[in-house]
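K.L.:
Sequence and predicted structure below; questions after.
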Amino acid sequence: MEQHAHDLVVIGAGPGGYQAAIRAAQLGMNVGVVEKDASLGGTCLNVGCIPSKALLESSEIYSEASHGVFAQHGVRTGTVELDLAAMLKRKEQVVKALTTGIAGLFKKHKITRYSGLGRFAGPTRVQVAAGDGVAFELTAKHVLIATGSKPASLPGVELDGDRVGTSTEALCYREVPGHLVVIGAGYIGLELGSVWRRLGAKVSVVEFLDRILPGMDSEMASEAQKVFAKQGLEFHLGRRVTGARSDGDGAVVEMEGAEPIRCDRVLVAVGRLPYTEGLALDAAGLATDARGRIPVDAHWQTSVPGVHAIGDVIAGPMLAHKAEEEGVAVAEWIGTGWSHVNYETIPGVCYTNPEFATVGKTEDALKAEGIPYRKGSFPFRANARARTLNQLEGRVKILAHEHTDRVLGIHIFGPRAGELIAEATLAMEVGASSEDIARTCHAHPTLPEVLREAALAVDGRPLNI
Ligand code: NAI
């Protein structure tokens, strides 16, 4: 067993962990990263954000080619055929390029990578288990837990890694299911449900709540649901799934108040749980809360001095960019004593078509908190660039404080919303008023002009409607 000493040992090389490692190395720390998987990048790069976005892109192209969108542009094609194997291969190539890129970054920043399962042997002692034994024992001034999350399941749902599976399996189906039942109308359910719908599956989405995309602005979510229904997603809202299992050559999903649904495959997308298995937290003197998360203070310090935690394993939205912000901030806190994450301006993006993006408070939250606000809204159909793209669904909604005009929330359902939310987030980060956005010159013709028009609409003076 080799012994090594580091200033910082990071457990987990997902977006939070690997960016923390790079920032710490930039600040002069000697950093080691322990990762149990062969490839770096964690869930996001290997079985999450990146492969799903690759498939969303490919499936959208297939859908456009098969539904006459190319023809509308005056592009004639012959018979359109799906080569699913090639589509999956491209996805794997995208993942490989990015994960090997992180290995390159580690080399550049002289970060030592340890392959194996990290577990505590004391508060600032980490063993790396590989094969049958302990390959390394690391001592560190600081340890950062960035072990992320794993898919959640439900009582009565028998995950078999095949017919009844999670997003991990749904990124690799070798053929298009005849009928896919998705449990949960959150981010994963809608994104991967969209992928397989576009590739030809019948897709039924069963959701416990009476709405889709919990946490997003409810008025906008209800508009989005209508658009997704037109695309062929079949919604069963207000239905609690009580069981799912493979059954003969298919699967069956049981729910309260309705007949069971027989289908070919089931995707369970009911949230994720913090991942702390095998970490031996008790050896460090740590314990999780009732929801399996590691409690931390405002500077990502756990109850044990020198041990920190970030990302999906602590409280807050389970989003890669939230973990990244925390990773950079915790490295700066350790290295300089200064850092900050503004949790009020963490955007969220669901990569459906159109995309749904959000930052700040929803209208529901403002009402619940009794905050006085004005709202401005502008549809993409009145925007020139959207028309040239032939993507006319959706709108931007801006919520600003009634008295100060400070922007409190921006919600976008429309083409490239995931890109547009960057302007909205920056506006909120600098404390912009809706008037600031309205008076910012926006290039024409561009989609961000919809943001400007929505900002003008807060004051009742949109120009193009
Ligand atoms: P989610 O929390 O977004 O949605 C889960 C849904 O399942 C909820 O609507 C919930 O009401 C429903 N549900 C729970 N129990 C149920 C039951 N018994 N029957 C029917 N429905 C039930 O979780 P999801 O989609 O699994 O995503 C997991 C995490 O991954 C999320 O925290 C999300 O933020 C993150 N993620 C982010 C993405 C992005 O940023 N684009 C993409 C994919 C995932």
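P.N.:
Thanks, I have it.
K.L.:
Mind checking if stretch 215-228 is in reach of the ligand?
P.N.:
No. Among the residues of stretch 215-228, none lie within reach of the ligand under C-beta under 6 Å from any ligand atom; the closest is 7.4 Å away. For glycine as for every other residue, the C-beta is placed from the backbone atoms N, C-alpha and C.
K.L.:
And stretch 343-357, by the same measure?
P.N.:
Yes. In terms of C-beta under 6 Å from any ligand atom, part of stretch 343-357 sits within range of the ligand, namely 349-351.
K.L.:
can you give me the helices in the stretch 151-300 of the chain?
P.N.:
Taking DSSP state H, counting those that start in this stretch as the criterion, the stretch 151-300 of the chain contains helices spanning 167-170, 187-198, 218-230.
K.L.:
Can you add mean neighbour count and mean pLDDT and give those helices back as a markdown table?
P.N.:
What follows is the helices of the stretch 151-300 of the chain, written out as a markdown table (neighbours: other C-beta atoms under 10 Å; pLDDT from 0 to 100):
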| stretch | mean neighbour count | mean pLDDT |
| --- | --- | --- |
| helix 167-170 | 21 | 98 |
| helix 187-198 | 25 | 98 |
| helix 218-230 | 17 | 98 |
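K.L.:
Out of these, flag the one nearest H67.
P.N.:
helix 187-198 (9.1 Å; C-beta to C-beta).
K.L.:
got the contact list for the closest one?
P.N.:
Residues outside helix 187-198 that contact it (C-beta atoms under 8 Å, 6 or more residues apart in numbering): 52, 55-56, 59-60, 62-63, 167, 170-171, 173, 176-177, 180, 182-183, 203, 205, 207, 212-213, 228, 231-233, 267, 269, 348, 350-353.
K.L.:
Over to stretch 158-174?
P.N.:
Stretch 158-174 is contacted by residues 47-48, 51-52, 55, 84-85, 88, 91, 151, 153, 157, 180, 188, 192, 195-196, 243-246, 250-251, 264-269 when judged by C-beta under 8 Å, 6+ apart.
K.L.:
Report how far apart the opening and closing residues of it are.
P.N.:
Looking at stretch 158-174, the gap from its leading to its trailing residue is 21 Å under the measure C-alpha to C-alpha, to the nearest Å.
K.L.:
Is it positioned near the ligand?
P.N.:
No. With C-beta under 6 Å from any ligand atom as the threshold, stretch 158-174 lies outside contact range of the ligand, at a closest distance of 7.1 Å.
K.L.:
Tell me which of the contacts of stretch 158-174 fall in strands.
P.N.:
Secondary structure of these is defined by DSSP state E; positions in strands are 151, 180, 243-246, 250-251, 265-268.
K.L.:
A323 is nearest to which of the helices of the stretch 151-300 of the chain?
P.N.:
Evaluated over the helices of the stretch 151-300 of the chain, closeness to A323 peaks at helix 187-198, with 15.0 Å, by C-beta to C-beta.
K.L.:
ok, that closest one near the ligand or not?
P.N.:
Yes. Applying C-beta under 6 Å from any ligand atom, one finds helix 187-198 touching the ligand at 187-189, 191.
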